[in-house]
Each structure stands twice: as C-alpha cells, then as structure tokens.
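Visitor: Sequence and computational prediction follow.
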There are 2 protein chains.
Amino acid sequence: MGDSLLVVHGGGPTAVLNASLYGAVVKAKAYPQIKHIYGARNGTGGFLREDLIELGQIPEKELELLLQTPGSAIGTSRDALEQEEYDKMVEILLKRGIGYVLFNGGNGTMDACGRLYKTCQEKGLDIRVMGIPKTMDNDIAITDHSPGFGSAARYIAQSVREVCADVRGLPIHVVVVEASGRNAGWITAASALAGDAGGDGPDLIYLPERPFDEEQYIEDVKKLLEKKKGIVVVASEGLTNQEGKPIVEPIFRTERATYFGDVSTHLAKLVIERLGYKARGEKPGLLGRASILLQSPIDREEAKLAGELACQAVLEGESGKMVAFRRISENPYRMEPFLVAIDEVMMHEATMPDIFINERGNGVTEAFKDWCRPLLGEELPGMLSLN
Amino acid sequence: MGDSLLVVHGGGPTAVLNASLYGAVVKAKAYPQIKHIYGARNGTGGFLREDLIELGQIPEKELELLLQTPGSAIGTSRDALEQEEYDKMVEILLKRGIGYVLFNGGNGTMDACGRLYKTCQEKGLDIRVMGIPKTMDNDIAITDHSPGFGSAARYIAQSVREVCADVRGLPIHVVVVEASGRNAGWITAASALAGDAGGDGPDLIYLPERPFDEEQYIEDVKKLLEKKKGIVVVASEGLTNQEGKPIVEPIFRTERATYFGDVSTHLAKLVIERLGYKARGEKPGLLGRASILLQSPIDREEAKLAGELACQAVLEGESGKMVAFRRISENPYRMEPFLVAIDEVMMHEATMPDIFINERGNGVTEAFKDWCRPLLGEELPGMLSLN
C-alpha cells in the first residue's frame, strides 16, 4: 500500500483548523514509514488537480506557527463532487503512492470523506480514509462538540461581554449583535457566557431553532427598555420566520453556502421604526472564526489532538471513521476521544436540543451554560463596573 | 478652593478610556490634600444631577481592573449643553467643594471642558479644568494622536490580517470590512498594517477623506480579480460621494451622533450585482473599540499617563488646557507629552493629511504606515501560509 499521507481541508476555516493540521503533520513525522506528508492545495479542487503541497520538510519552528494561524494554511474548497471525481481521486492516490487520507472539515466534508472511503472499498483498495471534525457552527452529529466551536464560542462570549460593558454606560438604547452558525444556534447561545465572572450578559438571545416572531421581539425589547437602557440583543444570522423563510433575504446563494442578509441591521431598524429608540447592529462575521487571541486554549488542544488521533488511527489500520469526543464529566471538564463510523455523521446537521433553550425562546438555560462553559477554555478577563 | 477632584467622561468609549480614569484616580490618591475623588455617573448628565460616584475608596486590586475594562466604568453621555448648564455645574462644584475637574473625551467633550473653564474664569473662581484626550477616531487636533486610537488601530490591523488569512484560501471572492472613524480615515487606514510581519494586508482601502467613486471601485475590484481571488476591501463607515453625501443613508441621526448605514453590505452587493462575483460584508462596529485583548500596550500606557498628567497639572495650578502628545522620534518610537490651550483643540476635527493617502485614493502611503506602526504597541502575532 501507499506510504504517503494526504491532508485535505474542506469548508470554511475555524480559528483552530490549522491546529488540527499541525497535529496530523507532527504525528505523521513520528512514523518513519511515512514517506511524504502532503496537503491538498485548496481542498478537493487541488487534490483533483494533483496540486499537493509537501508538508514534511517544514522546520518545526515554522510549523508551530500553524497553531496561531487563522484560515486554512493550505487552502480549502466547498465543491459538491460527482462519483467520477472520487474515482479520479483514487487514481491520483494510487499514482502518488498515498495510502492515508485525512479529511478535515464539517458535514459536507465528512460526506466527501465517506464517499471516498466507499469508493476505495468498492475497488478493494487498502487506502485508509479518516475524518477530523471541524466546524465553528458545532453542527456535526454524534460528537459532543467539534473543534472550532470552542473558539467561536469564546469569541462571541468575550465580544458580547465587551459590547455590554460599552453599551451599559452609553446613551445608546439597543445594540443587536449578529452571530454566525447558519441553521444551528450554538454560537449565538454561547454569548450567554458573557455574563460570567462579573461581566454583563446579553438581554435577549434569538436562536434559529425557534421561529422568529417580530411582535414578540418588539414586546421583549419594549419591556426591557422600561427597566433599563443599553439593551444588548444577540441574534443568529440564520433566523427564520414562522413559515421557515429567512427574516432577511440572503444576499447570495451557492449550492453549498448561503450568504445571509444583515439580520442585525434589520433588527436594529425594527426598534428604530417601531419603538422610536436609537439602535444599531454589529456583525463581526468572519472575524468570529479567525480570531487568534480569542482561541479557546482547550479548543486548540482538542483540535491538535483530533489531528494526531486521525493520523494515528489510519496508521493503525482504521478507515471510514471520524474522530469524535465524548464528555466524561462537566465539572471538572473531562473528555475522551473515540472513533465513529463516518456514515453515522455524514450530512446530519446537529442543532440545539430543547433543554438548552428557554421557554419563551429568547434565551438559553443554565444547562446550556454548564455544557458550554468548559469549551471556552479559561475564564474571561475580569472587569470593573462602577455604574 | 475646593479640595476634591471630579472626573467626567464624554462621548463614546475606547478600549483604554478606563485606563485614563485609572491613571487620574491613582495619581489623585497620591496627593494627601485631595479629599474626595469623584466620577460623574453617565457624564455631564450625572454631573448636572449631582450624581457622583466616590472613587477614592476602591481597593487597589479592584481599581487595576479598570486597565482591562472596556466601555466607560462610570458611564458617559453625549449631550449638547447650554450656558445655564455650565452655570449649574459651577454651583455644584462650589457646593461639593470640588476644585479640580478632569474631562476625558473627544472633540465634543473638549468643547464642554473649554466652556466650563471659561465660565469659571468669568466668575473669577479658582476651579481648575483639564482635558484628557480620548477618541478611537483620532480626530482631535494638535496632538500627534489620541489615546484610544492605538488600540482601535491594533484591532483593525489584526482583524483584517485574520480575515485576509481566512479569505486567502477560500472560494469567496470579495470581503468588505467596514471600519469606524466617522469622517476621519485613521482607523480605516490602520488596516494597512495587517500586512506587517509576514501577514497579508487588504487589497483596497477607501477613506472618507476622498470622495467615493463607485465606477472606480468596481474597476479596482475587477482588475484585482483578474490576478487573484480572495480580495479584501476595507471601507470607512463615513464614505461620501462626489456631492459629499453618505454613500449609504444613515439609519439614525442625533444632534451629536450619526448611526451610519451598512457600507460593507452596500459595497459587497455592488460586487455581486455589477460583477457577478461572490462577496460579503463584515461590520465589527462597537467591537473595535471595546476589545481588551487587542488593546495596544503603548496606547494603554499613554492613556494612563494622560490621566496622571491631567491630574498632576490641575494640582500644580494649570487650567483650561488639554494633555497632548508630541512625537520626538519614529524609530525607535519616542513621545513627549505637553499641555495645549483648550481653545486650540475645541471642536476642530483632524482628518488624514494628503501625504498619508495614495494617489488613486484606494490605499495609504509608506509614510502613514511608518507613522502608525509604533502606536500598535507591539508586533502582530506571526502566521504561516503554505498556499
């Protein structure tokens, strides 16, 4: 069988995607039987063009920069592929003597991972394929959580905490912060942890798991404004109405991605128009998955570990699986990794369960906070309010 | 004369506004003749309601949290005041035995500072009034730069650096990041430093000092897309067209503040509609002035120093002035503080000079980068790109 290893990235990056790459490359270097360690340039696209980057020769000191490099250092892609393209991949793997393939990505990428695995099986080839979970959105099934989410959660929690501190002493009335996460509310919900350790949390949280009701929103805001000024609302980019339609028309759609319209601006405008109060929207967007200073230390460690374990698994004979995490204990946080069959996770989208959402659908439960808190990695910086 | 000191915050906060408060309070505590150290709750509003917070008794360890607290820990306001309100302030100062008043704020606040000073002079009172410069926008005149700007500059430079790293390996085509700064382009321009230390900088920068020409913008983007993918544009929230009108209608206006429309979304939509390429906009907004992890260490030091010096100045007999900074040398960076008469800075808005803007008006010059670089405080974290 082939004695080289290939890493392929798929989908949008996270703050720790390259930490998994680092883990995989460092682990692979420890196996003397591995001849080449390749990265596919720009995901499956580069794979199919046989455009492979040699990663085995990079000096350790440079390689360590991957732990603090946002984006995908080898590029990524988001193409939906046909069977003939999986056949083509197999040809390339055989030609280049690659016996081990690691796919690092989210649901779409796990689908590609599973289909390449099946193609290899059908052809009776001993090419081993393994998935590394990666998504800021935390929407991969089976695993307790996915690398990338903890950092996105830390980003939104600290950012909303800072916005709350800013707005608290201001003559602004309502600030709406838009959170990423597409159809899953995990990131939006994580903003509730802004209130930990002496900080202020958001006043209202709207998740895509509940239909957004404009009347209820206006009522919620109005009621709060009777008691305090400086209301902070966190809203998911993926909010839909009772009919399941986005509350703001997406500005662009591709086969696999939606570019959402500005939910934060829309909700701020509603406050201005219907209540006559000052309001503004903030939309950090891509910044929320690229912030190196707001990486969760635990997320970074787990991402690295997932890369290491995926590499180790294929070298020990495993194939057609994904690295996943199982929570052993919440406080203190303890987690153990395991392998799950790739077809159990392929294209299943994990959204927030009901026990994590409050009754009125405008906030989260303590159970959610307890679940999410350890993933932020360490306590948020303290602050002092005298006002 | 009065033996107590009052600190008043005005306008929007910065990442280091509370560092100046810390400097002023710690310095004041060192003068045994100071009886009370007060903060006006929510700016001039609280001042006029005689709503004063006692700051002298806060334990040192808690007080230190001010150095890492975003927003205004004692609140702030943005009210335009009448002469009778300055008369009222004087009454309160006399009644409460306050002989020293420090105003920490931007142009509007320096105006209030100057008017209170004049009111005291006209009444022949020895009440000493001093300004501490504070603005993320860097639009205060005379001083080389203002506390608050260095941190906003570090925020936009690192954020755009991260977005560039993210976008570089992606099948997205154009990302537009909106920068704060109102009518001054300083923060927008600082994004150019994203390219320092092995990072990628933005491809295009549009400043409010130049009229925005939609045709030129489309041409600029089109030309770049012929050579590369993953174009990053940074645009000021305050862009205006040839007629001086905002390119996007503001969503809200008050006497002293404008809530700008979404310039980033508008520019992304133009790319989609006119060029047919994928594009998206990001608008961190308030996050850019509240980030504690992206405080510039030099900015924080200078903010603290400005608070200390303002306090020291009034106690040494100065009044009617503002602390300012003069640059002695650029590399190595050396700065000296001085005092400037408040009426030299009152309501003058400092925008970017021509030598800092490139000829086509879509980028900055090396001279700007050399000027701005030291204010970021330390080198941005390194990163590795293999793509």
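Guide: Everything's here; your move.
Visitor: For A:Ile156, which non-adjacent residue is closest in space?
Guide: Closest residue to A:Ile156 in three dimensions, ignoring its sequence neighbours and counting by CB to CB, 6 or more residues apart in numbering or on different chains: A:Ser191, at 4.8 Å. For every residue, glycine as well, the C-beta is placed using N, CA and C.
Visitor: Does the one you found touch A:Val160 like I think?
Guide: Yes: contact criterion CB atoms under 8 Å: A:Ser191 and A:Val160 qualify, at 4.3 Å.
Visitor: what touches both of these two?
Guide: Common neighbours of A:Ser191 and A:Val160, using CB atoms under 8 Å, 6 or more residues apart in numbering or on different chains, are A:Val177, A:Gly201, A:Pro202, A:Val234.
Visitor: Out of the residues you listed, who's the most crowded?
Guide: Neighbour counts for the shared contacts of A:Ser191 and A:Val160 peak at A:Val234, which has 31 neighbours (criterion: other CB atoms under 10 Å in any protein chain shown).
Visitor: Does whichever strand or helix holds it reach chain B?
Guide: Assigning secondary structure by DSSP states H and E places A:Val234 in strand A:231-236. No: with CB under 8 Å from any CB of the partner chain as the criterion, chain B is not reached by strand A:231-236; the gap is at least 9.8 Å.
Visitor: on that earlier part again, dump the shared contacts of A:Ser191 and A:Val160 to JSON lines, plus secondary structure, pLDDT and distance to A:Asp370.
Guide: Converted to JSON lines, the shared contacts of A:Ser191 and A:Val160 look like this (DSSP: H, G, I helix; E, B strand; the rest coil; pLDDT from 0 to 100; distance: CB to CB, whole Å):
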{"residue": "A:Val177", "secondary structure": "strand", "pLDDT": "97", "distance to A:Asp370": "23"}
{"residue": "A:Gly201", "secondary structure": "coil", "pLDDT": "94", "distance to A:Asp370": "15"}
{"residue": "A:Pro202", "secondary structure": "coil", "pLDDT": "97", "distance to A:Asp370": "18"}
{"residue": "A:Val234", "secondary structure": "strand", "pLDDT": "98", "distance to A:Asp370": "19"}
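Visitor: Among those residues, which one lies nearest to chain B?
Guide: Nearest to chain B among the shared contacts of A:Ser191 and A:Val160, counting by CB to the nearest CB, is A:Val177 at 8.1 Å.
Visitor: Run a quick check on the closest one versus A:Glu237, I expect a contact.
Guide: No: using CB under 8 Å as the test, A:Val177 is too far from A:Glu237 to be in contact (10.7 Å).
Visitor: Tell me how many other residues surround A:Gln242.
Guide: Summarising burial for A:Gln242: neighbours were counted as other CB under 10 Å, giving 9.
Visitor: give me the element it is part of.
Guide: Here A:Gln242 is assigned to no helix or strand, by DSSP H and E.
Visitor: Per-residue pLDDT of the closest residue to it other than its chain neighbours, please?
Guide: Using CB to CB, 6+ apart and skipping residues adjacent in sequence, the residue nearest A:Gln242 is A:Pro211, 4.7 Å away. Note on A:Pro211: pLDDT of 97.
Visitor: Equivalent analysis for the one 3 residues further on, please.
Guide: At A:Glu214, the pLDDT value in this model is 97.
Visitor: who's in contact with the most centrally placed residue in chain A?
Guide: The centre of chain A sits closest to A:Met136, judged by CA atoms, centre = their mean, with a distance of 1.0 Å. If you count contacts by CB under 8 Å, 6+ apart, A:Met136 has them with A:Gly12, A:Thr14, A:Ala15, A:Gly148, A:Phe149, A:Ser151, A:Ala152, A:Ser180, A:Gly181, A:Ile187, A:Gly288, A:Arg289.
Visitor: before we move on, what about A:Leu81?
Guide: Counting by CB under 8 Å, 6+ apart, A:Leu81 makes contact with A:Thr44, A:Ala112, A:Arg115.
Visitor: ditto for A:Gly195
Guide: With contacts taken as CB under 8 Å, 6+ apart, A:Gly195 has the following neighbours: A:Arg161, A:Cys164, A:Gly201, A:Pro202.
Visitor: can you tell me how far it sits from A:Tyr206?
Guide: A:Gly195 is 17 Å from A:Tyr206, where distance means CB to CB, to the nearest Å.
Visitor: Check which residues of stretch A:111-123 are buried.
Guide: Buried positions in stretch A:111-123, judged by neighbour count with 16 or more other CB atoms under 10 Å in any protein chain shown: A:Asp111, A:Ala112, A:Cys113, A:Gly114, A:Arg115, A:Leu116, A:Tyr117, A:Lys118, A:Thr119, A:Cys120.
Visitor: Can you see whether it contacts chain B, counting any residue in it?
Guide: No: for stretch A:111-123, no contact with chain B is found by CB under 8 Å from any CB; the gap never falls below 14.7 Å.
Visitor: Centre of the chain to that stretch, how far?
Guide: Mean C-alpha position of stretch A:111-123 versus that of the full chain (CA atoms, centre = their mean, to the nearest Å) differs by 24 Å.
Visitor: Show residues contacting it.
Guide: The list of residues contacting stretch A:111-123 from outside it, by CB under 8 Å, 6+ apart, reads A:10, A:44, A:81, A:83, A:86-87, A:89-90, A:101, A:103, A:105, A:126-127, A:129-131, A:319-320, A:322, A:342-343, A:346-347.
Visitor: If you count contacts, what does the strand holding A:Val234 end up packed against?
Guide: Using 3 or more CB pairs under 8 Å, 6 or more residues apart in numbering or on different chains; DSSP states H and E as the contact test, the elements touching strand A:231-236 are helix A:149-168, strand A:174-179, helix A:186-190, strand A:204-206, helix A:214-227, helix A:263-275.
Visitor: could those go into a markdown table alongside distance to A:Lys29?
Guide: Listed next are those as a markdown table, based on distance: least, CB to CB, whole Å:
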| stretch | distance to A:Lys29 |
| --- | --- |
| helix A:149-168 | 25 |
| strand A:174-179 | 38 |
| helix A:186-190 | 34 |
| strand A:204-206 | 44 |
| helix A:214-227 | 53 |
| helix A:263-275 | 44 |
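Visitor: and of the ones you listed, who's closest to B:Pro374?
Guide: helix A:149-168 (24.8 Å; CB to CB).
Visitor: mean confidence score for that closest one?
Guide: 97.
Visitor: list the buried ones in it?
Guide: Residues of helix A:149-168 classed as buried by neighbour count (16+ other CB under 10 Å): A:149-168.
Visitor: Next, the angle from it to strand A:231-236.
Guide: When axes from the mean of the first three to the mean of the last three CA atoms, to 10 degrees is applied, the directions of helix A:149-168 and strand A:231-236 differ by 150 degrees.
Visitor: Helix A:149-168 - contacts with which helices or strands?
Guide: For helix A:149-168, the packing partners by 3+ CB pairs under 8 Å, 6+ apart are strand A:174-179, helix A:186-190, strand A:231-236, helix A:287-290, helix A:297-315, helix B:287-290.
Visitor: how distant is the first one from the center of its chain?
Guide: Read that as strand A:174-179. Centre-to-centre, strand A:174-179 and its host chain are 20 Å apart (CA atoms, centre = their mean).
Visitor: do the third one as well
Guide: Its chain's C-alpha centre lies 20 Å from the corresponding centre of strand A:231-236 when counted by CA atoms, centre = their mean.
Visitor: Just put the contacts of A:Gly195 in CSV and tack on distance to B:Gly377.
Guide: Formatted as CSV, the entries for those read as follows, by distance: CB to CB, whole Å:
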residue, distance to B:Gly377
A:Arg161, 22
A:Cys164, 25
A:Gly201, 30
A:Pro202, 30
